[in-house]
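In: Predicted model follows, preceded by the sequence.
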Amino acid sequence: MAKQSQELVQIHWEGDSRDVLAGFPEEIRADLGFALFEIQQGKKPPLPTRRMESIGIGVYELKESDEKTWYRVIYLSKIGDVIYVLHCFEKDSRRTDRRDLRVAKDRLSRVRQRIEEQKKHAKRLGK
């Protein structure tokens, strides 16, 4: 069996998103984790996804559920070699709570600002 030499892109966890995901039920956590792994490899995730253009361009939502709750992971698609997980949360109604949308938007804004600062820094160093 041949080894794959393709390196995985990094995942950057914004805010408490990693801790929140770690608190999801084991099966949900495994499904969402595998979906993120597939995204890292440049593959289509096996879970339902949807664009979240209300948050920003390039932002997607991974969706999973059990008999009680809906679980969501909002992420910014790959920029460079990084996928940014902006927010993880549970929801119990069809509409996403405004607070969750605001958290994701705020984190997206900080990520984009950080990326811009890194570009400026690299430019100053002549890279």
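Out: Structure received.

In: Need the residues that contact the helix or strand containing residue 85.
Out: Secondary structure assigned from DSSP states H and E places residue 85 in strand 82-91. Here strand 82-91 makes contact (Cβ atoms under 8 Å, 6 or more residues apart in numbering) with 9-15, 17-18, 20-21, 24, 32, 36, 39-40, 55, 59, 69-77, 97, 100, 103-104, 107-108, 111. Every C-beta, even on glycine, is put in place using the N, C-alpha and C of the backbone.

In: Give me the buried subset of those.
Out: With burial judged by 16 or more other Cβ atoms under 10 Å, the buried subset of those is 11-15, 17, 20-21, 24, 32, 36, 39-40, 55, 59, 70-76, 100, 103-104, 107-108, 111.

In: and the strand holding residue 85, which strands flank it?
Out: strand 10-13 (parallel), strand 70-79 (antiparallel) (DSSP bridges).

In: Could you export those strands to TSV, including columns for distance to residue 63?
Out: Listed next are the strands paired with strand 82-91 as TSV, based on distance: least, Cβ to Cβ, whole Å:
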stretch	distance to residue 63
strand 10-13	18
strand 70-79	6
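
In: Redo the ones you listed as CSV? Include mean pLDDT.
Out: Shown next, in CSV, are those (pLDDT from 0 to 100):
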stretch, mean pLDDT
strand 10-13, 96
strand 70-79, 94
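
In: quick one, what contacts the closest residue to residue 52 other than its chain neighbours?
Out: Counting by Cβ to Cβ, 6 or more residues apart in numbering, residue 52 lies nearest to residue 59, which is 4.4 Å off, once chain neighbours are set aside. Taking Cβ under 8 Å, 6+ apart, we find residue 59 in contact with 51-53, 74-77, 86, 104, 108.

In: Output those residues as JSON lines; include the columns distance to residue 44.
Out: Below are those laid out as JSON lines (distance: Cβ to Cβ, whole Å):
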{"residue": "51", "distance to residue 44": "14"}
{"residue": "52", "distance to residue 44": "17"}
{"residue": "53", "distance to residue 44": "19"}
{"residue": "74", "distance to residue 44": "17"}
{"residue": "75", "distance to residue 44": "14"}
{"residue": "76", "distance to residue 44": "17"}
{"residue": "77", "distance to residue 44": "12"}
{"residue": "86", "distance to residue 44": "20"}
{"residue": "104", "distance to residue 44": "22"}
{"residue": "108", "distance to residue 44": "22"}
